[in-house]
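*Asks:* dropping a prediction and its sequence here:
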Amino acid sequence: MNTEFKFDISRLRFDKDYQPASNTRLTTNFANLARGKQRESNLRNTLKMINNRFNSLASWDNPTGNRYEVVLEIISVNLAVAGQDTSFPSMEVLKTNIIDLQTGKRLDGIVGNNFSSYVRDYDFSVLLLEHNQGQSQFSVPANFGELHGKLFKSFIQSPTYQEQFKKPPVICLSVSDNKTYDRSENHHPVLGYEYQPNDTSLTEEYFKKMGLSVRYFMPPNSVSPLAFYFVGDLLNDYSNLELISTIATMETFQKIYRPEIYNANAVAGKRYQPNLNNSDHSLTQIVYDREERSALAKEQGKFTQEHFIKPYQTLLEQWSAQVAL
């Protein structure tokens, strides 16, 4: 399917000693936590929160609540353009691995946690803003997200991905504060109650072009639903422990950088509208710089424009025209 691009994967352990690599996308949540005076306590507390949440959900045959440990790997994806000596930092995600401390077995988790992408930064922080500059009514550029979607699907279908990962990714995001969600009667033992949104969103449409469907679930003892983007059958393609590894990881990160929603003191009701201005919430002991993250997203969008979109514009347009979504 893809003769113009070659993908290369590198792995780095995300643990208490993690230091962001020079090519790491600095707006990534885990990189943000690993800088500054609080880096050591940030990392230690984040990992503790993830493990505690995992064990609370995987409670069967786990009477002391410490049977499992989640080991995280940072998966960095570089994209090389045919005929070029250099590569471009395309995507970055976390992969969960599960250690059963009782049996000593290491189990696969899910890849896709904390998904981030340079081209996505460009689309939302540069292209979309420039398109709407000076406009009285918001609109979306023609073919918005198509290049990113085709690059993502090309990566998932590539030999590079297939050789290293057994299952497609699951990307877990926050719910939108622009929508209302209604709780259904559908209940999963791990994912919890399913919620239905009252409308679609630009994010949903963007991820749909990546080949991903979305469902919203609020896991047991959570206070807000999470958005799960996936390929195939979310409820049957992944084991309970795999799903728990994603919930524990992403709910922890959401509590850190969206405490107004995910560390709120009130639980979402049958009809729920998230509120980023909610003052009735608790803070974790983890320092996270949201202002820096927003600024860096714009910088990295511009970096993508200068070092990938502009230099390879003709090639990208030709390739995209030949590849079906």
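*Replies:* Thanks, I have it. Residues are numbered from 1 along each chain as shown.
*Asks:* in the stretch 101-250 of the chain, which spans are helices?
*Replies:* 118-122, 128-132, 146-156, 159-164, 202-208, 234-237, 240-257 (DSSP state H, counting those that start in this stretch).
*Asks:* which strands and helices sit next to the fourth one?
*Replies:* Meaning helix 159-164. strand 5-14 (3 or more Cβ pairs under 8 Å, 6 or more residues apart in numbering; DSSP states H and E). No exception for glycine: its C-beta is placed from N, CA and C like everyone else's.
*Asks:* again, but for the second one
*Replies:* In terms of contacts (3+ Cβ pairs under 8 Å, 6+ apart), helix 128-132 is not packed against any helix or strand.
*Asks:* try it again at 10 Å.
*Replies:* Secondary-structure packing of helix 128-132 (3 or more Cβ pairs under 10 Å, 6 or more residues apart in numbering; DSSP states H and E): helix 290-304.
*Asks:* what element comes up after the helix it packs on heading to the C-terminus?
*Replies:* Using DSSP states H and E, the next helix or strand after helix 290-304 towards the C-terminus is helix 313-322.
*Asks:* can you give the contact residues for that following helix?
*Replies:* 1-5, 81-84, 119, 143, 146-151, 154, 305, 308-310, 312 (Cβ atoms under 10 Å, 6 or more residues apart in numbering).
*Asks:* and the buried ones among those, selectable in ChimeraX?
*Replies:* Only the buried entries of the contacts of helix 313-322 go into this ChimeraX selection, using 16 or more other Cβ atoms under 10 Å:
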select :2,4,5,81,119,146,147,148,149,150,151,154,305,308,309,312
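*Asks:* returning to that earlier point: could the helices of the stretch 101-250 of the chain be laid out in JSON lines, adding distance to residue 77 and mean pLDDT?
*Replies:* Listed next are these as JSON lines, based on distance: least, Cβ to Cβ, whole Å; pLDDT from 0 to 100:
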{"stretch": "helix 118-122", "distance to residue 77": "10", "mean pLDDT": "93"}
{"stretch": "helix 128-132", "distance to residue 77": "23", "mean pLDDT": "93"}
{"stretch": "helix 146-156", "distance to residue 77": "6", "mean pLDDT": "96"}
{"stretch": "helix 159-164", "distance to residue 77": "8", "mean pLDDT": "96"}
{"stretch": "helix 202-208", "distance to residue 77": "17", "mean pLDDT": "96"}
{"stretch": "helix 234-237", "distance to residue 77": "22", "mean pLDDT": "98"}
{"stretch": "helix 240-257", "distance to residue 77": "18", "mean pLDDT": "96"}
